[in-house]
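Participant: Let me see the structure of the following:
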Amino acid sequence: MRSGRLSLLAVVITTLVLGWTRIEFSELRSWTPMKVTQWDALGYYQYLPAVFIHGDIGRQEWLEGVDSLYQLSGGTIYQVTELPNGNRAMKYFCGIAILQAPFFGIGHVAAGISGAPQDGFSPPYQWAIALSPLVYCFIGLLLLRVVLLRYFSDAVTALTIVLLILATNAIQYISVDNAQTHGYLFALYAAQLYATMRWHDRPSRTTAAAVGCLIGLATVSRPTEALMLFIPVLWNTHTKEAARAKWTTVRAHRGHVLIAFACGFLAFMPQLIYWRIVTGTWVYDVGSKWDFLNPHWRVLVGGEKGWFIYTPITVLMVAGLFFMRGKPWRKSVLVFTLLNTWLIIAWHDWHYGGSYSSRALVQSYAVLALPFAALLERALASRWKWPVLAASAYLLGVNLFQIKQYNNTVIHYDRMNFAAYRAIYLDADPTPEDRALLSPERQ
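Facilitator: Model prediction:
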């Protein structure tokens, strides 16, 4: 691994900006009182107060009272589904609650000390949960830095880290709307890259267990993240010779494969136990619909919240897929990116609720950091160095400006279109005529 202070500084600065952004859009800066455990985030979080405070994970009779007091559900408590046995099943998986649990404990203690209600939703809990993705992201960036330094220079690694977070919508979903899945999963993907690299360097039971546990945790957070499996499976299969050596190593460590599967299953086990207790069955269909044969390309290029439109630096991330030749992770990254993107644009509910750009792709930025760095390395060593640096600086500035626009609803979370976006581009105070260009409310 190359050593370098520049990339470490990039991690620190990026994390500080994330922390500053969290404070900027909170009551500490005259914002509305912070409520991060609302809408979808409520569904991921509610396991914790249900188990540890209210002692009611079946019917959840406490939910209406909490929602009446704090207005968290969005108007209708869609986060649970009525069951024939009288219970109500949670729509969302429990993996994020597992990751939030230590911070929930901190919030509970802080609420007791400060005299705030120990109900799981008062301000100490909100702040504790809001800070948790920042901690996970900091750890994830440190691990991602180690991986990047293995293959790229300190300068390229530093630039990649800064642009990956601050020039994309990752800043919104790690810093502001951060009790959803994306910030936590970003850290899990970074950790998976690190664990996979370590196992291929020197196979051990510990790293095999980490690989399996991370896949299990990601899957029990969002089932579609099971695609993470392709990262370790296809790592170091970029050539026939490398693939032959890799499978020889795997056969020599068959026990490690069993350990990885066992740890992955154990990580998923809490969800199975929950379903068994609440629904009476080991597996419960939470309900999802996919349009695999008719994917929604507007997720990438639509005027509503197109990924390439609102966060255009992601074009360079994807372009980097053509610059991965000779890298041991080439096939891992390529297969994962293609399958993951197809899965995301094929989901029937293509707009993914309210969001800035396509939030469902944020967690995959850890993986896309590798091809992104490959492109930046090539560009910085060519005559395109200064144009690429200038474009990157411009896009970083635009993104930071748009984050403020989004949180002031200048960029609307669900009613944008190309005409409205053109009218408010880099405009902090659009006219009523500009706002009239927004699309009608979605039914």
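Participant: Tell me, how many residues neighbour residue 202?
Facilitator: Using other CB atoms under 10 Å, residue 202 is surrounded by 7 other residues. The C-beta positions use only the backbone N, C-alpha and C, and glycine is treated the same way.
Participant: Also residue 40?
Facilitator: Number of residues near residue 40 (other CB under 10 Å) recorded here: 20.
Participant: Work out for me the element the closest residue to residue 178 other than its chain neighbours sits within.
Facilitator: Excluding the flanking residues, the one nearest residue 178 by CB to CB, 6 or more residues apart in numbering is residue 133, at 4.2 Å. Following DSSP states H and E, one finds residue 133 within helix 123-151.
Participant: That helix: what's the following helix or strand?
Facilitator: helix 154-166.
Participant: now that following helix and helix 123-151, what's the angle there?
Facilitator: 150 degrees (axes from the mean of the first three to the mean of the last three CA atoms, to 10 degrees).
Participant: ok so, going back, report the contact partners of the residue nearest to residue 178.
Facilitator: For residue 133, the contacting residues are 174, 175, 178, 179, 183, 184, 187, by CB atoms under 8 Å, 6 or more residues apart in numbering.
Participant: cool, residue 215 as well?
Facilitator: Neighbouring residues of residue 215 by CB under 8 Å, 6+ apart: 192, 226, 228, 229, 232, 260, 264, 267.
Participant: again with residue 357
Facilitator: 168, 169, 305, 306, 307, 309, 310, 311.
Participant: quick one: the strands in the stretch 1-150 of the chain?
Facilitator: Using DSSP state E, counting those that start in this stretch, the strands of the stretch 1-150 of the chain run over 80-82, 88-90.
Participant: The last one: partners in the sheet, and parallel or antiparallel?
Facilitator: This points to strand 88-90. strand 80-82 (antiparallel) (DSSP bridges).
Participant: buried stuff in the partner strand?
Facilitator: Neighbour-count burial for strand 80-82, counted by 16 or more other CB atoms under 10 Å, picks out residue 80.
Participant: cool, stretch 32-39 as well?
Facilitator: With burial defined by 16+ other CB under 10 Å, the residues of stretch 32-39 counted as buried are 34, 35, 36, 37, 38, 39.
Participant: What sits closest to the fifth one if chain neighbours are left out?
Facilitator: I take that to be residue 38. Nearest one to residue 38, counting by CB to CB, 6+ apart, is residue 72 at 4.3 Å.
Participant: so the one you found makes contact with residue 43?
Facilitator: No: with contact defined as CB atoms under 8 Å, residue 72 does not reach residue 43; the gap is 10.0 Å.
Participant: Please name whichever of the strands of the stretch 1-150 of the chain is nearest to residue 328.
Facilitator: strand 88-90 (39.6 Å; CB to CB).
Participant: ok, the buried residues of stretch 32-39 vs residue 55, which is closest?
Facilitator: Nearest to residue 55 among the buried residues of stretch 32-39, with distances taken as CB to CB, is residue 37, at 18.8 Å.
Participant: Return the residues in contact with the closest one.
Facilitator: Taking CB under 8 Å, 6+ apart as the criterion, residue 37 is in contact with 45, 46, 72, 121, 125, 126, 129, 179.
Participant: for residue 126, same thing?
Facilitator: Contacts for residue 126 (CB under 8 Å, 6+ apart) come out as 33, 34, 35, 36, 37, 107.
Participant: can you redo those as CSV with distance to residue 58?
Facilitator: Below are the contacts of residue 126 laid out as CSV (distance: CB to CB, whole Å):
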residue, distance to residue 58
33, 31
34, 30
35, 26
36, 26
37, 20
107, 24
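Participant: Filter those residues down to just the ones in helices.
Facilitator: Under the assignment DSSP state H, those contribute residue 107 to helices.
Participant: which of the contacts of residue 126 sit farthest apart?
Facilitator: Maximum pairwise distance among those (CB to CB): 14.9 Å, between 33 and 107.
Participant: Mind pulling up the pLDDT for residue 443?
Facilitator: Residue 443 is assigned a pLDDT of 69 by the prediction.
Participant: so which of the contacts of residue 133 comes closest to residue 376?
Facilitator: Nearest to residue 376, judged by CB to CB, of the contacts of residue 133 is residue 174 at 21.1 Å.
Participant: and the closest residue to that closest one other than its chain neighbours, how many neighbours?
Facilitator: For residue 174, ignoring the flanking residues on the chain, the nearest one in space by CB to CB, 6+ apart is residue 183 at 3.9 Å. Counted with other CB under 10 Å, the neighbours of residue 183 add up to 28.
Participant: looking at it, residue 183 is touching residue 138, isn't it?
Facilitator: No: Residue 183 sits out of contact with residue 138 when judged by CB under 8 Å, with a separation of 10.7 Å.
Participant: between those two, what contacts are shared?
Facilitator: Residues touching both residue 183 and residue 138 (CB under 8 Å, 6+ apart): there are none.
Participant: mind checking the end-to-end distance for stretch 292-306?
Facilitator: In stretch 292-306, first residue to last residue: 19 Å (CA to CA, to the nearest Å).
Participant: mind listing what's buried in it?
Facilitator: Applying 16+ other CB under 10 Å to stretch 292-306 flags 295, 296, 298, 299, 300, 302, 303, 304, 305, 306 as buried.
Participant: cool, and stretch 328-340?
Facilitator: Using 16+ other CB under 10 Å as the test for burial, stretch 328-340 gives 328, 329, 330, 331, 332, 333, 334, 335, 336, 337, 340.
Participant: all helices of the stretch 1-150 of the chain, in order?
Facilitator: Ranges of helices in the stretch 1-150 of the chain, per DSSP state H, counting those that start in this stretch, are 5-24, 40-45, 47-52, 63-70, 95-114, 123-151.
Participant: mean confidence for the third one?
Facilitator: Put plainly, it is helix 47-52. Here helix 47-52 scores 98 as its mean pLDDT.
Participant: Please identify the buried residues of it?
Facilitator: Neighbour counts over helix 47-52 (16+ other CB under 10 Å) mark 47, 48, 49, 50, 51 as buried.
Participant: No more questions from me, cheers.
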